[in-house]
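A.B. asks: based on what follows, work out the 3D shape:
(one chain, ligands or ions: 2)
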Amino acid sequence: MAQHFLEQAKADDFVAHLMKRHPVLAPHRRGRRSFAFEQIVEPSAVVLDYPRTLGSVKKFFLPARETLLEFDLGTNTATAPAIAPAPAVYLGVHSYDLAAVRRLDHNFLHGNPERNYVTRREGALFIGVSYTPDRHHFAGSVGIDPYDTTGSDIFLTKHPEGWIVDVLTPAGQDLLKGFKLATDARPKPKREHFTQHIYVPQARLNEIMAASYNHPVWDEASRNCTGCGTCNLVCPTCYCFDVQDQVAITVDAGHRERTWDGCMLRSFTEVAGGEVFRHKVAARQRHRVHRKFKYLSDATGQPWCVGCGRCTAYCTAGISIVEIVNRLVRDAEREEQVTA
Ligand code: SF4
Ligand code: SF4
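C.D. replies: Ligands and ions are numbered 1, 2, ... in the order given. Got it, this is the predicted structure:
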């Protein structure tokens, strides 16, 4: 693994070099405290030192809204829009969002691969970047360090004078061709500490979740919940969607559209005939947390939460997934002490 150094003063030149090779998508400031991944037009607009983006890079592989096919009722034919691989560099991705991409890959590539996702993922190159955990991050509790390079072709570690550049794959090496980086080795900064923690490993959480179905935390944590679905929509590992046919007013043509959906939304559990099978917000909250720490984890051994903290940071009611999980952990351990 080759290591180089990128001085702060050369950061814009580095971005401009990448833009000559491929389209580059990176975090941009949007509002006072918001950041979003967007295609770079101007290198100086890129922000590499940021707490988290509102949404993750998921939106480029699984768009929030897309047409799956267009149909003509007159000729009874349907055509799917052509989607071609679009090689691109995703610059400035945090380690938890790269872990989320791996989880989405599991969901969409295994079994019956989902054509649109697979095609969009082809040719994606990742340049990861380290971050300083804020009061909502807890990725360390799910085994994802801020300096975790897994999934990156190149990884940038923040340094007071710039960035330590680790080149991790041949594709990463190729991206740097033609750009001169300093070769002096710099000591890496001390490990970052998280202030938010889930105190037990996933194997233990699986057991605790299994016994939590009737726990009062679901009602308590849902008292102020408005069922807005924000926690689903900002989550980098949520992948549920809805598919609807939109028929033209002339009733002779239309298109089939896929949009993101979320288990916290009442309409998500509404089935034919108008029946809603998870009517109470508390039941939806329980389902959401079980999707992150139980159902998919039973099959894979891994939490389906990557500890980004988005669902808590952007919750309109201040509901914290860490507090919910830790409440379950505390009560389970207290009960075990009493029965021991
Ligand atoms: S973001 Fe908060 S208020 Fe909205 S559905 Fe999720 S937990 Fe409830
Ligand atoms: S459940 Fe919350 S903290 Fe976990 S990955 Fe999703 S948004 Fe991030």
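A.B. asks: going forward, measure contacts between C-alpha atoms and count neighbours the same way
C.D. replies: Noted.
A.B. asks: would you mind listing what in the stretch 101-250 of the chain touches ligand 2?
C.D. replies: 234-237 (C-alpha under 6 Å from any ligand atom).
A.B. asks: from those residues, which is closest to ligand 2?
C.D. replies: Proximity of those to ligand 2, judged by C-alpha to the nearest ligand atom, is greatest for Cys235, which lies at 3.6 Å.
A.B. asks: what's the pLDDT at that closest one?
C.D. replies: At Cys235, the model reports a pLDDT of 98.
A.B. asks: who are the neighbours in contact with it?
C.D. replies: 55-56, 310-311 (C-alpha atoms under 8 Å, 6 or more residues apart in numbering).
A.B. asks: what's the farthest-apart pair in these?
C.D. replies: Taking C-alpha to C-alpha, the two most distant members of these are Ser56 and Cys311; they sit 12.2 Å apart.
A.B. asks: about what we covered before: as a markdown table, the contacts of Cys235 with distance to Gly143 and neighbour count would be great.
C.D. replies: Output for those, formatted as a markdown table (distance: C-alpha to C-alpha, whole Å; neighbours: other C-alpha atoms under 10 Å):
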| residue | distance to Gly143 | neighbour count |
| --- | --- | --- |
| Gly55 | 21 | 17 |
| Ser56 | 19 | 24 |
| Arg310 | 17 | 24 |
| Cys311 | 19 | 23 |
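A.B. asks: nearest residue to the middle of the protein?
C.D. replies: Closest to where the C-alpha atoms of the chain average out (C-alpha atoms, centre = their mean) is Pro236, at 1.9 Å.
A.B. asks: from ligand 1, how far off is that one?
C.D. replies: Distance, Pro236 to ligand 1, using C-alpha to the nearest ligand atom, to the nearest Å: 14 Å.
A.B. asks: isn't that residue up against Ala100?
C.D. replies: Yes. Using C-alpha atoms under 8 Å, Pro236 and Ala100 qualify as a contacting pair, with a distance of 5.8 Å.
A.B. asks: what is in contact with Ser56 and Cys311 at once?
C.D. replies: Shared contacts of Ser56 and Cys311, counting by C-alpha under 8 Å, 6+ apart, come down to 234-235.
A.B. asks: can you show me the strands along the protein?
C.D. replies: Along the chain, counting by DSSP state E, strands occupy 2-7, 24-29, 35-39, 65-72, 77-79, 88-93, 124-129, 154-159, 162-167, 241-247, 253-260.
A.B. asks: by mean pLDDT, show me the worst of those strands.
C.D. replies: Across the strands of the chain, strand 2-7 gives the lowest mean pLDDT, at a mean of 91.
A.B. asks: what residues go with each domain of this structure?
C.D. replies: When the chain is parsed with automatic domain parsing, its domains come out as 2-61+80-176, 202-339.
A.B. asks: for ligand 1, give me its nearest residue in the stretch 51-200 of the chain.
C.D. replies: Leu54 (12.8 Å).
A.B. asks: check contacts around Arg288.
C.D. replies: Arg288 touches 263-264, counting by C-alpha under 8 Å, 6+ apart.
A.B. asks: quick one: the helices in this structure?
C.D. replies: Ranges of helices in the chain, per DSSP state H, are 11-21, 58-61, 95-109, 115-121, 170-176, 202-210, 217-220, 230-234, 281-290, 296-300, 310-313, 321-339.
A.B. asks: quick check: Pro133 touching Phe194?
C.D. replies: Yes. Using C-alpha under 8 Å, Pro133 is in contact with Phe194, at 5.8 Å.
A.B. asks: format the helices of the chain as TSV; extra columns: distance to ligand 1.
C.D. replies: Putting these into TSV (distance: least, C-alpha to the nearest ligand atom, whole Å) gives the following:
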stretch	distance to ligand 1
helix 11-21	35
helix 58-61	18
helix 95-109	19
helix 115-121	26
helix 170-176	37
helix 202-210	18
helix 217-220	11
helix 230-234	4
helix 281-290	7
helix 296-300	20
helix 310-313	6
helix 321-339	8
